[in-house]
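**Q** Output the structure for:
(chains A, B, C and D)
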There are 2 protein chains.
Amino acid sequence: MGPPGSENWHAMLDGAEAILRDEGHAALTSRRIAEQIGVKQRLVYYYFRTMDDLVVEMFRRLSERELARLEEASRAALPLREIWDVCVDTTDARLVSEFMALAARIDGLAKEVIYFIEKSRAIQVETVRKAMAQSKRTFGLSAEALTMLATSVALALKREDELGVRSAHAETRALIQGMLEELEPA
Amino acid sequence: MGPPGSENWHAMLDGAEAILRDEGHAALTSRRIAEQIGVKQRLVYYYFRTMDDLVVEMFRRLSERELARLEEASRAALPLREIWDVCVDTTDARLVSEFMALAARIDGLAKEVIYFIEKSRAIQVETVRKAMAQSKRTFGLSAEALTMLATSVALALKREDELGVRSAHAETRALIQGMLEELEPA
DNA sequence: GTCTATACACCGATAGAC
DNA sequence: GTCTATCGGTGTATAGAC
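**A** Predicted coordinates for the structure are as follows:
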């Protein structure tokens, strides 16, 4: 078995990510990954025992990056705005759809996805709670409910944006911006 | 080509829907559909020229049903509560993920998905607008923004529910129920 | 309309040389 | 570590008989 964290290991996951993002998981095959990074197919099975293992590792690496980004955002001067930007700008809705579909088939992936959602939600709720306490504005909402609303709508906006739908987006973005303005004055 | 709307045509789409829901789109093959309804594989290509065509027809039939259900809900005595129930109880988040992933690959499907989102949003926004006018409660929100919030969070709740995540759900459901109580007193 | 049979491509995974 | 070669299976789609 090839060493996790080695150059080829990362190159394969990079290639897999690009393929999943651009072509969908029907195209995510060991042959396609090998071609993408210029090695032979056999090598993929040297670094990852099975394709399912590769998918799980891909998500794990991605979610670790994403959690680190969230942690960093939560320590910024205006953490709420920073987290909103992470959710709405850097998150790839296409990848989310693909991983959700895959998670229904790969048990190990579902576990990782659950861990990621709960971990990121904890960070977000804590940040919202602090902002509410500091600004003394809650809009009559619990930190949990506001977090759930914001992350749900961020993903929906991104997903529809990628698809080409724009109805109700302007009004929704304006609402979020208004709340940010009150919770976290610039 | 087999006649659209015929018994076999519907049986094949029923089978396809069950497979997509239970096993995911990796298992959605002409062989599997034929086996499911007890015919030979060749017949699938008699009723649908290609597998992509079948997927598009499957979504079209499903979204027509869903729009009819929404229209009916919008004419109920308590339309907002009825629409919320449609979104949060009968919508299958697994199917949504699968179709979103497929839409990125099949152009014809993306067109149908866009049409469905815009059509259903129009119905929902109109219903919210009327409820706001009647109850004289707006929470400082536009009908568009409230609709977007509600549908986004409904899908997220359902998706996480199916996955086994529960954090922040109780608070979010309580919030929605509270708003329904004010906008549409029982 | 429904079938048998099949062409052809591509998949995951492994054996084993170097 | 990286390769060539290959096995067994399965996919879409079509030819053509009945």
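
**Q** how about the residue positioned nearest the centre of chain A, what does it touch?
**A** Centroid-nearest residue in chain A, with C-alpha atoms, centre = their mean: A:T91, separated by 5.0 Å. When contacts are counted by C-beta atoms under 8 Å, 6 or more residues apart in numbering or on different chains, A:T91 touches A:66, A:154-155, A:158. In this view, the C-beta of every residue, glycine as well, is placed from N, C-alpha and C.

**Q** Which of those sits closest to chain B?
**A** A:L155 (7.0 Å; C-beta to the nearest C-beta).

**Q** picking that back up, got phi/psi on the residue nearest to the centre of chain A?
**A** phi -70, psi 130 (degrees, to the nearest 10).

**Q** got a list of contacts for stretch A:136-145?
**A** Contacts of stretch A:136-145 (C-beta under 8 Å, 6+ apart): A:125-126, A:128-129, A:132, A:146, A:149, A:179, A:182-183, B:167-168, B:171-172, B:174-175.

**Q** which of these are buried?
**A** Buried by 16 or more other C-beta atoms under 10 Å in any protein chain shown: A:125, A:128-129, A:132, A:146, A:149, A:179, A:183, B:167-168, B:171-172, B:175, out of these.

**Q** quick one: A:K130 from A:A143, how far?
**A** According to C-beta to C-beta, to the nearest Å, A:K130 stands 9 Å off from A:A143.

**Q** Could you check which of those two has the larger neighbour count?
**A** A:A143 (20 against 15; other C-beta atoms under 10 Å in any protein chain shown).

**Q** rewinding a little: make a markdown table out of the buried ones among the contacts of stretch A:136-145 and add pLDDT, secondary structure and distance to DNA strand C.
**A** Below are the buried ones among the contacts of stretch A:136-145 laid out as a markdown table (pLDDT from 0 to 100; DSSP: H, G, I helix; E, B strand; the rest coil; distance: C-beta to the nearest atom of the strand, whole Å):
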| residue | pLDDT | secondary structure | distance to DNA strand C |
| --- | --- | --- | --- |
| A:V125 | 98 | helix | 38 |
| A:V128 | 98 | helix | 41 |
| A:R129 | 98 | helix | 44 |
| A:M132 | 98 | helix | 47 |
| A:L146 | 98 | helix | 41 |
| A:L149 | 98 | helix | 38 |
| A:M179 | 98 | helix | 44 |
| A:L183 | 98 | helix | 46 |
| B:S167 | 98 | coil | 33 |
| B:A168 | 98 | coil | 36 |
| B:E171 | 98 | helix | 41 |
| B:T172 | 98 | helix | 38 |
| B:L175 | 98 | helix | 43 |
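
**Q** Out of those, which is nearest to A:F59?
**A** Distance to A:F59, by C-beta to C-beta, is smallest for B:S167 among these, at 19.2 Å.

**Q** and the closest one, what does it touch?
**A** A:117-118, A:121-122, A:144.

**Q** What parts of chain A come near DNA strand D?
**A** A:2-3, A:6, A:8, A:39-43, A:46 (C-beta under 7 Å from any atom of the strand).

**Q** Now list the buried members of those.
**A** Of the residues of chain A next to DNA strand D, these count as buried by 16+ other C-beta under 10 Å: A:39, A:43.

**Q** Taking the residues of chain A next to DNA strand D, tell me the two that lie furthest apart.
**A** Longest span within those, C-beta to C-beta: A:P3 and A:Q41, 19.3 Å.

**Q** gap between A:L157 and A:A168?
**A** 9 Å.

**Q** Mutual contacts of the two, please.
**A** B:M148.

**Q** ok so, going back, now go through the contacts of A:T91 and say which are in helices.
**A** Within those, residues falling in helices by DSSP state H are A:66, A:154-155, A:158.

**Q** between those residues, which has the most around it?
**A** Busiest of the ones in helices among the contacts of A:T91 [other C-beta under 10 Å] is A:A154, holding 23 neighbours.

**Q** How much space separates the residue lying closest to that residue once chain neighbours are set aside from B:L13?
**A** Nearest residue to A:A154 in three dimensions, chain neighbours excluded: A:C87, at 3.9 Å (C-beta to C-beta, 6 or more residues apart in numbering or on different chains). According to C-beta to C-beta, A:C87 and B:L13 sit 36 Å apart.

**Q** now swap in A:F139 and tell me
**A** Taking C-beta to C-beta, one finds A:F139 at 44 Å from B:L13.
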